[in-house]
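Colleague: generate coordinates for the sequence data below:
(one chain, ligands or ions: 2)
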Amino acid sequence: MTARRYQLYQYSIPVDSQLILRNRFLKRREGLLVHIQCGQHEGWGEIAPLPEFSEETLEMAEKQTALWLKNWDEARANNQKLSLDGLYPSVAFGLSCALAELKGKLNAQGNYQVAPLCYGDPDELYEPLNQMQGEKVAKIKVGMYEANRDGMIADMLLEAIPDLQLRLDANRSWTPEKAQLFAKYVKPQHRARIQFLEEPCKTREASRQFAAETGIAIAWDESVREAQFRVEKEPHLAAIVIKPTLVGSLDYCIELIEQAHRQGIKAVISSSIESSLGLTQLARIAQQYTPNVTPGLDTLSLMDYQVLRQWPDSTLPLIGLDSPFIRAIDLDEQV
Ligand SMILES: O=C(O)CCC(=O)c1ccccc1C(=O)O
Ligand SMILES: [Mg+2]
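Modeller: Ligands and ions are numbered 1, 2, ... in the order given. Okay, the predicted model is just below:
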């Protein structure tokens, strides 16, 4: 009989308060780290519900994870499997990563090329863009300031850097009028270098209409997280953005990726502000399942520390299980 073991930890690390999540400043990023072992094999996963985005809280995720692990251990003792169906997205994702590592299904190589993220000041982009090799693509958060300012910034960058491609993210913040105001400032000859604009309007219908009127390609992000979402080919839909922590198990993410690819639509693996442990796994998932697409993972720099695993070339201090920012959870007390 192979020895099975599992352990759960909670991390809580300071993040740069500049990070704006829908009008809310996040001071610490908190999540769970799950470690499972089966004989020689082991796997880690991160379960980190994102406040304001996830429906489950950290506490709910912790309870569900502890129970699943206990049931999994029992099922395995009887040579049975335990499904991840019905679990919260963050729990399903973290457990599925740990299982994938345990089974050797997640390749080591990652795509650590990220699309540099800009929250408002375009000057921040010049330096990272100069350093970039391969596809030169950046992402700008729009919809937080005036729509005409957003349009001017996008147009200015596209004008100044001829091989630049942009991803823009409006998070459903514009009325059709505001979206039009944005588009008015982006010269038609520059619009093809906008790889996509994520969810410009409050409804999918309004976003589709905007794309048809302006020729600017769009992508679904929030929509991907809605129940019953399926990828359907549409004239201006260039991509779907998959944030696994908010979407669900690795298998479900792969199913979405395959749906997209069958229709000629890009799938972009993207961050929900995981620690470096989850983020490096996302880079590996991106490399394995969405080759040649730059993932949206430029969120490590918002944090003060890396957790357990090193993101290549990052100079942030790396903390281990002995750090005061990480504590073991007593699972006997839990269930
Ligand atoms: O997608 C990316 O490139 C970075 C991640 C990101 O933008 C994001 C991260 C967490 C929650 C919401 C969002 C968002 O898409 O608005
Ligand atoms: Mg988005």
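
Colleague: only C-alpha atoms from now on, for both contacts and neighbour counts.
Modeller: Noted.

Colleague: any idea which residue sits dead centre in this structure?
Modeller: Centroid-nearest residue in the chain, with Cα atoms, centre = their mean: Ser271, separated by 2.2 Å.

Colleague: ok, and the closest non-adjacent residue to that residue?
Modeller: Leu297 (5.0 Å; Cα to Cα, 6 or more residues apart in numbering).

Colleague: the one you found touches Gln281, doesn't it?
Modeller: No: applying Cα atoms under 8 Å, one finds Leu297 not in contact with Gln281, separated by 10.7 Å.

Colleague: endpoints of stretch 14-32, how far apart?
Modeller: Counting by Cα to Cα, to the nearest Å, you get 15 Å between the two ends of stretch 14-32.

Colleague: who touches Glu55 in this structure?
Modeller: Counting by Cα atoms under 8 Å, 6 or more residues apart in numbering, Glu55 makes contact with Pro49.

Colleague: show me where the stretch 201-335 of the chain has its helices.
Modeller: 204-214, 244-247, 250-262, 276-289, 331-334 (DSSP state H, counting those that start in this stretch).

Colleague: equivalent analysis for the stretch 1-150 of the chain, please.
Modeller: Secondary structure of the stretch 1-150 of the chain (DSSP H, counting those that start in this stretch): helices at 58-77, 89-102, 123-131, 147-160.

Colleague: burial count for Gln263?
Modeller: Gln263: 12 surrounding residues under other Cα atoms under 10 Å.

Colleague: cool, and Glu234?
Modeller: Glu234, neighbours per other Cα under 10 Å, totals 11.

Colleague: repeat for the one 5 residues further on
Modeller: One way to gauge burial is a neighbour count; for Ala239, by other Cα under 10 Å, it gives 23.

Colleague: Ile265 versus Ser90, what's the distance?
Modeller: Distance, Ser90 to Ile265, using Cα to Cα: 25 Å.

Colleague: brain fart, Arg225
Modeller: 17 Å.

Colleague: surely Phe229 and Glu222 touch.
Modeller: No: Phe229 is not in contact with Glu222 according to Cα under 8 Å; the separation is 10.2 Å.
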